[in-house]
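*Asks:* build the 3D model from these lines:
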Amino acid sequence: RIMLGAIHEHVAQECSLKERTLILRSLPRSQLSDILGLPTRKGLGDCEWAGAIATLKAFDDVDMPSLKLRVLLRLKDEIFGEAAAAGVLDMNADEFLPVMTYVIIHAQLQHPYAATMLLREILTDDVVTGEAAYYLTTLEIALGHLLSMELPRDVVSSS
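*Replies:* Numbers count the residues shown, from 1 in each chain. Take a look at the predicted model:
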């Protein structure tokens with residue numbers, strides 16, 4: 001029963017996440033930027049984050065948990081690389097999280113919530129350390145934000 005309850009919760013969260021990302025992905029870039037609080041410092045406001053989106057799509061292509069963690073670390077490198085190309089060499093966590101959330105919305109992952117929860121369940125603390133732990137936690141926070149954020153009424157009513 002406990003396992004079935006957890007599966008039911010993951011399915012419900014996954015459905016909600018898919019619906020929300022579909023709604024958010026359909027918005028004009030400027031409105032989505034405002035909702036997420038995407039950074040605009042220097043050239044960050046003009047970044048499309050295409051390389052980061054392509055990198056995160058690989059999260060669905062790998063099965064092994066250690067490879068999923070590597071994808072997250074490559075995603076981090078890609079986001080910081082795209083920021084550097086825009087002239088920002090000192091991107092901080094307050095800027096990184098909205099960008100990661102934007103990337104999640106556009107990567108169209110199959111089961112990001114379930115995959116992230118599974119990673120947390122099966123990987124031990126001695127495997128998930130340092131940067132890997134930080135960026136897995138950042139992914140969890142971004143997914144949680146997407147699940148809990150208030151969508152503007154005009155966005156919800158038009159979908």
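*Asks:* centre of the chain to the lengthiest helix in the chain, how far?
*Replies:* Ranked by residue count, the top helix of the chain under DSSP state H comes out as helix 2-25. Offset of helix 2-25 from its chain centre (Cα atoms, centre = their mean, to the nearest Å): 14 Å.
*Asks:* which strands or helices does the host helix or strand of Gly81 pack on?
*Replies:* Assessed by DSSP states H and E, Gly81 sits inside helix 65-85. When contacts are defined as 3 or more Cβ pairs under 8 Å, 6 or more residues apart in numbering; DSSP states H and E, helix 65-85 sits against helix 50-57, helix 93-107, helix 112-122, helix 130-148. C-beta here means a position set from N, CA and C on the backbone, and glycine is covered the same way.
*Asks:* and the spatially most central residue of the chain, what is it in contact with?
*Replies:* When Cα atoms, centre = their mean is applied to the chain, the residue found nearest the centroid is Ile104 (3.6 Å). Ile104 sits next to 21, 56, 112, 139, 142-143, 146 when contact means Cβ atoms under 8 Å, 6 or more residues apart in numbering.
*Asks:* can you put those residues in a markdown table and add distance to Arg29?
*Replies:* Converted to a markdown table, those look like this (distance: Cβ to Cβ, whole Å):
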| residue | distance to Arg29 |
| --- | --- |
| Thr21 | 15 |
| Leu56 | 18 |
| Pro112 | 21 |
| Leu139 | 22 |
| Ala142 | 18 |
| Leu143 | 21 |
| Leu146 | 17 |
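*Asks:* can I get stretch 77-89 as CSV, trimmed to CA atoms?
*Replies:* Only the C-alpha atoms of stretch 77-89 are listed here, as CSV (Å, rounded to 0.1, in the frame of the first residue of the first chain):
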residue,chain,number,x,y,z
ASP,A,77,28.3,23.7,-17.4
GLU,A,78,26.0,24.6,-20.4
ILE,A,79,24.0,27.2,-18.5
PHE,A,80,27.2,28.8,-17.1
GLY,A,81,28.8,28.6,-20.6
GLU,A,82,25.8,30.4,-22.3
ALA,A,83,25.8,33.0,-19.5
ALA,A,84,29.5,33.6,-20.1
ALA,A,85,28.9,34.0,-23.8
ALA,A,86,26.4,36.7,-22.9
GLY,A,87,29.0,38.4,-20.8
VAL,A,88,28.1,37.2,-17.4
LEU,A,89,30.9,35.3,-15.7
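*Asks:* which of the residues in the helix holding Gly81 are buried?
*Replies:* 65, 68-69, 71-76, 78-80, 82-83 (16 or more other Cβ atoms under 10 Å).
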